[in-house]
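Student: Below are the sequence and a predicted model for it; my questions follow.
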Amino acid sequence: MNVRSQISMVFHLDKCIGCHTCSIACKNIWTDRKGAEYMWWNNVETKPGTGYPTRWEDQDQYHGGWEVHKGKLRLRSTGKGKIVTNIFHNPFMPTMDDYYEPWTYKYEDLFNAPEGTDQPTARPVSMVTGEHMDVEAGPNWDDDLGGSPVYAANDKNLDGLSEEQRQQLFAVERLVFFYFPRICNHCLNPSCVAACPSGALYKRGEDGIVLLDQKRCRAWRSCVAACPYKKTFFNWSTGKSEKCILCYPRLETGQAPACFHSCVGRIRYLGVVLYDADRLEEVAKLPDDKLIEGQRSLILDPNDPEVIEAARANGVHDSVIESAQRSPVYKFVKVWKIALPPHIEYRTLPMLFYVPPMSPVMANRQDGTVESVSDNFFHDIEQARVPMKFLANLFGAGGEGKVVYALKKQKAVRTYRRALTVGDISMETAEKMLAEADCTKEEADAIYHLTSLCTFDDRFVIPPMHREEAIEMMREPSEHKTAVGFGFIEPPKRGF
Amino acid sequence: MMTIGDNLLDLFLFAVTPYIALTVFFLGTIIRYRKYGFSYSSLSSQFLENRHHFWGLIPFHYGILTVFLGHLIGFLVPRDLLWWNSHPLRLYIFEVSGLVAAMLTIVGLVSMIMRRLTDPKIRVVTSTADWILLGILTLEIVSGTFVAIFHSWGSSWFASTASPYLRSIFTLSPDITFMVAMPWLVKFHIVGAFVILAAFPFTRLVHILVVPNQYLWRKPQVVRWYGKKAFLHKAV
Ligand code: SF4
């Protein structure tokens, strides 16, 4: 057992209101620079929809992530052999057109236009060339277009749905969509790291945050092609790649990352999990239907004395172990099993988990009334408005079982709470539902609390990051502290 | 008939320039790496334009690498090259592959220049240094191709004349006798090479120095630990 700690996350999709506050918080801090205008380290997609970059989930086009080939794990886009040819021209490199061309408006024209008979207008201009342009795409161009034949109908996750199921999704009166906020998943088996020929990308040993060392980046572009979630970005101006840093400077000072902190729906949770790094490869190679279970088995019980001992032996600080014991992520993923990894079939073992959305599933309109309970407790899940296959493609590697389990449990908790507070459903029914959903009353209470009444400190259990250890070996920390100044920072200028 | 002036010029071009170029190359690239490490990048523009990129970068790189390899063989193992060329058929093979590679390079270079001229997005990321570099490269490659065409069997006479000259440079006892007698086209080509060498620290050519060979033998995953733990987890 090789125990390591990992900062891990849960997004509760039922709570996301699609306000994009998270994206703006991130943009304002990290990507409002030249060359980064088009980057959204945090973006919010409408599902069904094509996403950002367009159809990023179509790995036959983008070739992101891993595949198992003759019993071995290999990257789809690159490798020791392929890099020799791909380095000159990467055949799987997305271009700006796959995202969108960033633009601004010539606001000054509103004031400077000569007097005339027309209203002055502020025309859009490209933030790359500075020339006038027609805006034809944006970072959330298909926002709320759940029924669009251009966008929603081209969602990759509709693959494998029957014609009837598709119709159901697009029937005007039953139109349905939900939001899917995305950041870097800080994967356990990151394909960006494995693809970088320069070794510029790395996982921080102490907390598993995946970072990109821009000083070592030489613009070989492999990471952009290799990340199946398209969460490494190429800065066209500096000629360096960039990615979400999980606001590590904030984490190091005990604050939640900006997108977490600002989230209006309070959908985001962050905490430490301990995992066994020795079994990574073995798990990443499992067949699709075993992957979710496999990843869960990597995550260790932070209360198990054996795990604690192994963690200590590996240099995991006691304060981090203690933090892992209070981790909300551990509960969602491992104890309650209602948070699932997105597209785990890409085999990067993402450490951002999603609680699949319940609302678009429930509330089948019948005769104008919203009906949510019947003799068949979970009838609405089986006949969901969002076909289960769609959610399964997104969160279950194609398998419906785990998604249905998560939804059933959520519905049981809701019914139980309704029996308690509204009282129009008998407790007996609620208890039966709980039992059927593999949930105890205590568990239901805990889920309810962490979902609905959670405070800041419940949602974000941030471990001390022990930055002092970074220099301990070379120098006495207190001495170091009094000796360093501000240091020198080289401005990120293009070329020489 | 050679005048004193000519002699002095040759002396400067072939005995002094190479040392200036080498000094600029080494000092410049090292200083740039240490002081402006961030600026070491291939500055790829594939993200802004993908299709034309293929037709420029692929022929150019394969072409120039082959041509460079040919020169390297002539420099490192001149005797073996002469032995290989002693048979006409083998000589033709060597020369023709060189020429094909040169053509590829020119095709690539022309596409690259066209791309930078015509695509508005690419123009934005093209600096003056890029244009100067493209100019130098064009002159060098075109002159090299003309040498190959007009002064036949260059691969053989390179091995017996240029190669000893280059060696003499590296052994710090420059011997320019062979160079003095060279036609002006060849002289131009050789001086061009020194100019390119000196241009390294000031252009995107530095990306050649940081070609990621480590990738071929490193483990796929990279983990960096804090000081103390780096010892605990020895080289993950
Ligand atoms: S801020 Fe929160 S609620 Fe708003 S879109 Fe982002 S994740 Fe959803």
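Tutor: Looks like it came in fine. Residues are numbered from 1 along each chain as shown, chains lettered A, B, ... in the order given.

Student: Kindly state the distance between the middle of the longest helix along chain A and the middle of its chain.
Tutor: The longest helix of chain A (DSSP state H) is helix A:401-421. How far helix A:401-421 lies from its chain's middle: 23 Å, per CA atoms, centre = their mean, to the nearest Å.

Student: and it, what does it pack onto?
Tutor: helix A:379-382, helix A:388-395, helix A:427-436, helix A:441-452 (3 or more CB pairs under 8 Å, 6 or more residues apart in numbering or on different chains; DSSP states H and E). No exception for glycine: its C-beta is placed from N, CA and C like everyone else's.

Student: Mean neighbour count, those: which tops it?
Tutor: helix A:388-395 (a mean of 24; mean count of other CB atoms under 10 Å in any protein chain shown).

Student: average pLDDT for that one?
Tutor: On average, the pLDDT along helix A:388-395 is 93.

Student: just the CA coordinates of it, formatted as CSV?
Tutor: C-alpha atoms of helix A:388-395 as CSV (Å, rounded to 0.1, in the frame of the first residue of the first chain):
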residue,chain,number,x,y,z
MET,A,388,-31.1,6.9,-18.2
LYS,A,389,-28.8,5.9,-21.0
PHE,A,390,-27.8,9.5,-21.5
LEU,A,391,-26.8,10.0,-17.9
ALA,A,392,-25.1,6.6,-18.0
ASN,A,393,-23.0,7.6,-21.0
LEU,A,394,-21.9,10.7,-19.0
PHE,A,395,-21.4,9.3,-15.5
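
Student: Give me the angle between that helix and helix A:401-421.
Tutor: Angle, helix A:388-395 to helix A:401-421, by axes from the mean of the first three to the mean of the last three CA atoms, to 10 degrees: 110 degrees.

Student: what's the offset of helix A:388-395 from the middle of its chain?
Tutor: With CA atoms, centre = their mean, you get 16 Å for helix A:388-395.

Student: ok, now stretch B:164-178?
Tutor: 19 Å.

Student: Can you tell me what sits against it?
Tutor: Around stretch B:164-178, the neighbours that count as contacts under CB atoms under 8 Å, 6 or more residues apart in numbering or on different chains are B:10, B:11, B:14, B:15, B:18, B:19, B:75, B:78, B:161, B:162, B:179.

Student: Find the nearest non-adjacent residue to residue A:409, please.
Tutor: Closest residue to residue A:409 apart from its sequence neighbours, by CB to CB, 6 or more residues apart in numbering or on different chains: residue A:437 at 4.5 Å.

Student: Repeat that for residue B:60.
Tutor: With CB to CB, 6+ apart, the residue lying closest to residue B:60 is residue B:108, at 2.6 Å.

Student: Now tell me what touches stretch A:305-312 from outside.
Tutor: Counting by CB under 8 Å, 6+ apart, A:1, A:2, A:3, A:5, A:274, A:300, A:301, A:302, A:318, A:320, A:321 sit against stretch A:305-312.

Student: Same question for stretch A:316-325.
Tutor: Outside stretch A:316-325, the residues touching it (CB under 8 Å, 6+ apart) are A:3-5, A:206, A:271-274, A:302-303, A:308, A:311-312, A:330, A:461-464, A:466, A:469.

Student: got the contacts of stretch B:164-178 as a markdown table, with pLDDT columns?
Tutor: Shown next, in a markdown table, are those (pLDDT from 0 to 100):
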| residue | pLDDT |
| --- | --- |
| B:10 | 89 |
| B:11 | 89 |
| B:14 | 92 |
| B:15 | 91 |
| B:18 | 95 |
| B:19 | 96 |
| B:75 | 89 |
| B:78 | 87 |
| B:161 | 86 |
| B:162 | 86 |
| B:179 | 86 |
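
Student: Nearest to residue A:181 among these?
Tutor: residue B:75 (57.8 Å; CB to CB).

Student: Just give me the neighbour total for the closest one.
Tutor: 18 (other CB atoms under 10 Å in any protein chain shown).

Student: Please check the contacts of stretch A:316-325 and keep the buried ones.
Tutor: Among these, those buried by neighbour count (16 or more other CB atoms under 10 Å in any protein chain shown) are A:3-5, A:206, A:271-274, A:302, A:308, A:311, A:330, A:461-463, A:466, A:469.

Student: Output the below-cut-off pLDDT ranges for chain B.
Tutor: B:1-6, B:227-236 (pLDDT under 70).

Student: Select from the contacts of stretch A:316-325 every entry located in helices.
Tutor: A:308, A:311, A:312, A:330.
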